[in-house]
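A.B. asks: compute the structure for the input listed below.
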Amino acid sequence: MCWILLLLPAINAYAEELADNSASITNYQYRTPGSTGDHRFSYEMELLRLALDKTTPEFGPYTLTPAAPMNLPRAMALATGKDNLIFKTSYAQKLTNTFYYPAYPIDRGIFSYRICFENNQSATQTGNIVNLEQLRKLSIGQGVGWLDSDILKHNGFSVMEAANYENLFPMLAGERFDLFCRGPSEIQPEWQNYGDIGGFRINPNLALYYPLPRFFWVHKSKPKVFARLNRGLQLAYTDGSALELWRKHYQANLGAINLNNRRIFILRNPYLEGINEKYKEYFLGRQELELR
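C.D. replies: Residues are numbered from 1 along each chain as shown. From the prediction side, this is the model:
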C-alpha cells in the first residue's frame, strides 16, 4: 500500500496532462552504448519500444531515438532534458529521491548471477578457491557508476573502476585487476568481441550471486513518461509479449552458463531498502536456470 501512495503524485500529474497532449508526437530517448561492438543495450531498447507501442492508443504517437553515447552518471545528469531520456540501472534507494521506476525488473533478475572473466595470472588461483575469504583476495573490475561496485565493496572486495566499458577488457588482460564478472547473457558475446585481445579467459568453476533487479528510470519532472512506461510494461507482461522478447534474448544463454557445475558464492545486496516488492513476481525461478 505504501508504494501505491508514493506513486499517486505521478499518476495524478499524468492525468492532468493527458488531455492536452494526446494528439502530439512525443519524443523519447534511450541511452546508447559507447561503441558499435557493445550490444548490451539491444534488449532494453526493444523492450522500451514494445512498452511504447502497447500504449500508443492511450498516450498517442511517439518517436524513439538514441541519445549520444554516454556513461551512466552522464545519463542521469541529462535525464531532466526535453527529450525524455530513459535509462536503465540497478535499484538503489537514493535514486528514488530523483527518479521514478516501474516495478518491472526488465531482465527478470538474470544479472543477479555473475560469471567472471579472469586473466592468466588469476586463472592459476581460482581452481583452488572454496570460500569467500579466498575469493576476496582477488580484485574485480567494474564500470564507473555501476551499483555492482558498491555491492562488491560492501562484501569485502577490492574494486577498480573504469569510465569506459571497453577499457575493462585490456585492463583485465594487463592484470590491473583479477576478475571482470558479467551477466549470463553478456559473457559469450563479450568473449567473441574481445577475446582476441588475449591474456584472459572465462572462468569455468565459479559464479557470484547477489539479487540485482534493474529497472527503467525516468526523472520525476516527467510523470507522464513514467505513467506510460509503467502501463506499457504491465500490458506487455500480461499479454505475454514481454516474456517472448525476454526468451528471444536470454533463453539460449541459460544452459550455456552451466551453473550446475559451478561453486556459487552468495553475496548480500544492501541497497534494496525501500524497493517495491512487486518486482519479485517477475524474477527468475531457479527452474528457469536449469538448476537440477
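A.B. asks: can you give me the helices in the stretch 151-292 of the chain?
C.D. replies: With DSSP state H, counting those that start in this stretch, the ranges of helices along the stretch 151-292 of the chain come out as 168-173, 187-194, 223-238, 241-256.
A.B. asks: as CSV, these with distance to R262 would be great.
C.D. replies: C-beta here means a position set from N, CA and C on the backbone, and glycine is covered the same way. Converted to CSV, the helices of the stretch 151-292 of the chain look like this (distance: least, CB to CB, whole Å):
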stretch, distance to R262
helix 168-173, 19
helix 187-194, 12
helix 223-238, 30
helix 241-256, 12
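A.B. asks: L179: which of those is closest?
C.D. replies: helix 168-173 (7.7 Å; CB to CB).
A.B. asks: and the closest one, how far out from the chain's middle?
C.D. replies: 21 Å (CA atoms, centre = their mean, to the nearest Å).
A.B. asks: now do stretch 155-174
C.D. replies: Worked out by CA atoms, centre = their mean, stretch 155-174 lies 18 Å from the chain centre.
A.B. asks: start to end distance for it?
C.D. replies: 25 Å (CA to CA, to the nearest Å).
A.B. asks: and that stretch, average pLDDT?
C.D. replies: Across stretch 155-174, the average pLDDT comes to 96.
A.B. asks: likewise for stretch 185-205?
C.D. replies: Computed over stretch 185-205, the average pLDDT equals 93.
A.B. asks: list the buried ones in that stretch?
C.D. replies: Within stretch 185-205, the residues that count as buried by 16 or more other CB atoms under 10 Å are 185-191, 193-195, 200, 202-203.
A.B. asks: equivalent analysis for stretch 246-257, please.
C.D. replies: So for stretch 246-257, counting by 16+ other CB under 10 Å, buried means W246, H249, Y250, N253, L254, I257.
A.B. asks: next: stretch 129-145.
C.D. replies: Those would be I129, L135, R136, L138, S139, I140, G141, Q142, G143, G145, for stretch 129-145 by 16+ other CB under 10 Å.
A.B. asks: any idea how far the first one is from A227?
C.D. replies: It stands for I129. As judged by CB to CB, to the nearest Å, I129 and A227 stand 47 Å apart.
A.B. asks: great, nothing more from me.
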